[in-house]
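A.B. asks: give me the fold of what follows.
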Amino acid sequence: MCYRSASYEKWQAQHAHRRRRRAEKYRRWTQGTTAPLPPVNVRELDDRYELYLFAPERKNEDFQLALRDRILTISAPTPEATEEPGTWKRREFHAEAFERQFELNEKIDLEHINASYENGTLLVQLPKLEGQQTFRQDIPVA
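C.D. replies: Next comes the predicted model:
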C-alpha cells in the first residue's frame, strides 16, 4: 500500500509550481517572441552537417544568414502582404518574422558554408574541416 505523506493541497501546489516553471522555461526558449519559431532538422553526414529550416511562403532574398564568433544567425522579416482576390474564410498559418541562432562546433569549416532555398525549406550545408570527417569501417565478425 502507498500512503501520501503530504496533503492533497500541498500536492496541488507542487504541481502548479511545476506548471509555472515549465511555462517560464518555454517563454525563455522562445526568447519573448509571440510567433512560433520555424522547426529545424539537423543531420550529420560523414563530410558535413545539413541544417533544414522549414519556412514556407518565402523567397531566397528573404533570408539573412550571418556568422559571428561561431554563432550562425538565420533570420527573415515578415513578407510583404500581397493583394489576393477573394477573402479568406479561415487562415491558420502565415509567414512571420523570425530569428534563430545556432552555435557551431570546432569541426565546421566556417569559410565554406552555403545555403539554398527550395520547396519551402532552407538547406544550410556546414562542411567539416579536413581531418574531422567521420571515419567508418566495417569490421568482420570471425
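A.B. asks: when you work out contacts or count neighbours from here on, use the C-alpha atoms and nothing else.
C.D. replies: Noted.
A.B. asks: after whichever helix or strand residue 10 is part of comes which helix or strand?
C.D. replies: Assigned by DSSP states H and E, residue 10 belongs to helix 8-29. The element immediately downstream of helix 8-29 (helix or strand, assigned by DSSP H and E) is strand 40-44.
A.B. asks: any regions of the chain where pLDDT drops low?
C.D. replies: 1-6, 11, 25-35 (pLDDT under 70).
A.B. asks: all strands of it, in order?
C.D. replies: All strands of the chain, identified by DSSP state E, fall at 40-44, 48-54, 64-68, 71-76, 98-103, 114-118, 121-127.
A.B. asks: most tightly packed of those strands?
C.D. replies: strand 121-127 (a mean of 20; mean count of other CA atoms under 10 Å).
A.B. asks: chain center to it, what's the gap?
C.D. replies: 13 Å (CA atoms, centre = their mean, to the nearest Å).
A.B. asks: can I get it in PDB, CA atoms only?
C.D. replies: Taking C-alpha atoms only, strand 121-127 is exported to PDB below (Å, rounded to 0.1, in the frame of the first residue of the first chain):
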ATOM      1  CA  THR A 121      12.800  24.500 -46.900                       C
ATOM      2  CA  LEU A 122      16.100  26.400 -46.400                       C
ATOM      3  CA  LEU A 123      19.100  24.000 -46.600                       C
ATOM      4  CA  VAL A 124      22.300  25.200 -44.900                       C
ATOM      5  CA  GLN A 125      25.300  23.000 -45.600                       C
ATOM      6  CA  LEU A 126      28.000  23.100 -43.000                       C
ATOM      7  CA  PRO A 127      31.100  21.200 -44.300                       C
END
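A.B. asks: got the angle for that strand vs strand 114-118?
C.D. replies: Calculated by axes from the mean of the first three to the mean of the last three CA atoms, to 10 degrees, strand 121-127 forms an angle of 160 degrees with strand 114-118.
A.B. asks: neighbouring strands for strand 121-127, and are they parallel or not?
C.D. replies: strand 48-54 (antiparallel), strand 114-118 (antiparallel) (DSSP bridges).
A.B. asks: mind giving me TSV with the ones you listed and columns for distance to residue 41?
C.D. replies: Output for the strands paired with strand 121-127, formatted as TSV (distance: least, CA to CA, whole Å):
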stretch	distance to residue 41
strand 48-54	5
strand 114-118	14
